[in-house]
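K.L.:
Everything below, folded, please.
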Amino acid sequence: MNLIGEPAFVGRHCGSSTYTVEEATVRFYQDALDDHHALHDQFAPPLLYHSECYKFLGEWYLKNLFGNLHGQQDWELFAPIPIGGKIRSRSTIIDRYQKRGRDWIVNETDLMSAESEDEGKLLVRGRTYQSFLPPRDSMGDDFVVDKSTAGKKEPRPPFPTATGVDLDSVTKLVDDRRCWMFSGPEKTYHTDRDEAKKFGFPSIVVQGMMSTCFVSQVMQDQFGMGWLQGGKMSVKLTNVLWVDETVTTHARIREENQEGSRIRVHCDVWVEKEDGVRVILGTASALREQA
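P.N.:
Next up is the predicted model:
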């Protein structure tokens with residue numbers, strides 16, 4: 001891959017695309033993630049363009065792809081995405097720093113209306129925190145992380161600490177088909193075992209964006225339009241999810257605050273494997289009408 005993005009610098013415009021939100025694209029997403037909701041008859045799932053930032057990775061990824069990891073993901077939902085509407089994306093580098101021996105790049109990708117009457121209206125904003133190892137002369141046969149090393153991470157502080165009501169959870173088996181539908185059709189370390197080994201992983205690494213979509217599903221199932229128009233999420237990707245593993249996505253209410261005429265409901269959210277290992281944890285909030 002001929003990457004042209006280095007040196008990546010804060011403020012760099014990485015690219016823009018324009019789309020018509022097609023019903024077939026929405027149905028494909030629903031089939032891929034088994035995420036069906038009545039609102040999807042009119043509006044797209046809010047994270048339909050979950051990987052738009054990666055359309056421009058040549059502008060913000062660093063050269064050494066061996067062992068690169070998605071460390072954090074933030075989402076802000078401002079307005080629903082209408083099926084059949086025209087939208088435009090905009091990708092920008094907003095931060096770069098070093099932490100724990102890795103270089104971090106933060107990409108902000110905005111999704112806006114491209115309809116004449118709503119031109120420029122902000123619909124969705126995503127911030128993707130990607131980390132890279134320093135350059136190396138050769139990749140060798142060692143793995144950056146495998147199931148053994150992933151299980152030896154230092155324990156995190158107790159989580160969740162929220163003591164409110166649990167929202168309805170969702171459980172998913174992430175198999176090859178789901179990985180291909182979500183991250184394909186190209187062969188990458190998110191869709192192909194041989195490609196995964198080239199980048200330092202023993203098997204397919206499930207794309208981190210997928211788990212954020214599971215969180216979005218739980219929040220939308222509970223809050224409906226209060227999630228599509230006003231939802232927020234900030235999560236850390238704390239462990240690797242491998243192909244053929246099953247995860248359950250949880251949300252628990254932490255607190256509720258007045259926000260104008262509505263109530264913002266704050267939740268602790270996490271996605272965990274059958275053995276209790278968490279692959280994502282963080283916070284999400286949505287709006288609901290005051291009773």
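K.L.:
Please pull out the lowest mean pLDDT helix or strand from the protein.
P.N.:
helix 147-150 (a mean of 55; mean pLDDT, DSSP states H and E).
K.L.:
who's in contact with residue 216?
P.N.:
Residues in contact with residue 216 (Cβ atoms under 8 Å, 6 or more residues apart in numbering) are 45, 46, 47, 75, 227, 231, 233. From N, CA and C alone the C-beta is placed, and that goes for glycine too.
K.L.:
coming back round to it: averaged pLDDT, the next helix or strand after the least confident helix or strand of the chain. What do you get?
P.N.:
Downstream of helix 147-150, the first helix or strand assigned by DSSP states H and E is strand 170-174. Confidence over strand 170-174 (mean pLDDT, whole number) is 98.
K.L.:
Strand 170-174 pairs with which strands?
P.N.:
Applying DSSP bridges to the sheet, strand 170-174 is found paired with strand 245-259 (antiparallel).
K.L.:
in this structure, which spans are strands?
P.N.:
For the chain, applying DSSP state E gives strands covering 13-15, 18-20, 43-44, 69-77, 81-82, 86-99, 102-113, 122-132, 170-174, 232-237, 245-259, 262-273, 278-289.
K.L.:
for those strands, which one sits closest to residue 29?
P.N.:
Checking the strands of the chain against residue 29 by Cβ to Cβ gives strand 43-44 as the closest, at 7.8 Å.
K.L.:
Which other helices and strands does that closest one contact?
P.N.:
The contact analysis (3 or more Cβ pairs under 8 Å, 6 or more residues apart in numbering; DSSP states H and E) places strand 43-44 against helix 23-33, strand 81-82.
K.L.:
mind checking which of these is nearest residue 214?
P.N.:
Minimum separation from residue 214 across those (Cβ to Cβ) falls at helix 23-33, 7.4 Å.
K.L.:
by contact count, what packs against the closest one?
P.N.:
strand 43-44, helix 176-183, helix 208-223.
K.L.:
Quick check: buried residues in it?
P.N.:
For helix 23-33, burial by neighbour count (16 or more other Cβ atoms under 10 Å) applies to 26, 29, 30, 32, 33.
K.L.:
what separates it from the chain centre, distance-wise?
P.N.:
Mean-position distance between helix 23-33 and its chain equals 17 Å (Cα atoms, centre = their mean, to the nearest Å).
K.L.:
That helix - what's its average pLDDT?
P.N.:
Computed over helix 23-33, the average pLDDT equals 97.
K.L.:
What about the residue lying closest to residue 205 once chain neighbours are set aside, how many residues nearby?
P.N.:
Nearest residue to residue 205 in three dimensions, chain neighbours excluded: residue 189, at 5.4 Å (Cβ to Cβ, 6 or more residues apart in numbering). Look at residue 189: counted by other Cβ atoms under 10 Å, it has 21 neighbours.
K.L.:
OK, contacts around residue 189?
P.N.:
195, 196, 198, 199, 201, 204, 205.
K.L.:
and the second one, what does it touch?
P.N.:
Residue 196 makes contact with 189, 202, 203, 204, 205, according to Cβ under 8 Å, 6+ apart.
K.L.:
are any of these buried, and which?
P.N.:
Buried, going by 16+ other Cβ under 10 Å: 189, 202, 203, 204, 205, out of the contacts of residue 196.
K.L.:
Where does the prediction get shaky in the stretch 101-250 of the chain?
P.N.:
By pLDDT under 70, the weakly predicted segments of the stretch 101-250 of the chain are 136-155.
K.L.:
do that again at 90, thanks
P.N.:
In the predicted model, the stretch 101-250 of the chain carries pLDDT under 90 at residues 101, 116, 133-158, 189, 197-201.
K.L.:
which residues touch residue 218?
P.N.:
167, 168, 169, 170, 249, 250, 251, 269.
K.L.:
thinking again about what came up before, looking at the strands of the chain, which is buried most?
P.N.:
strand 43-44 (a mean of 24; mean count of other Cβ atoms under 10 Å).
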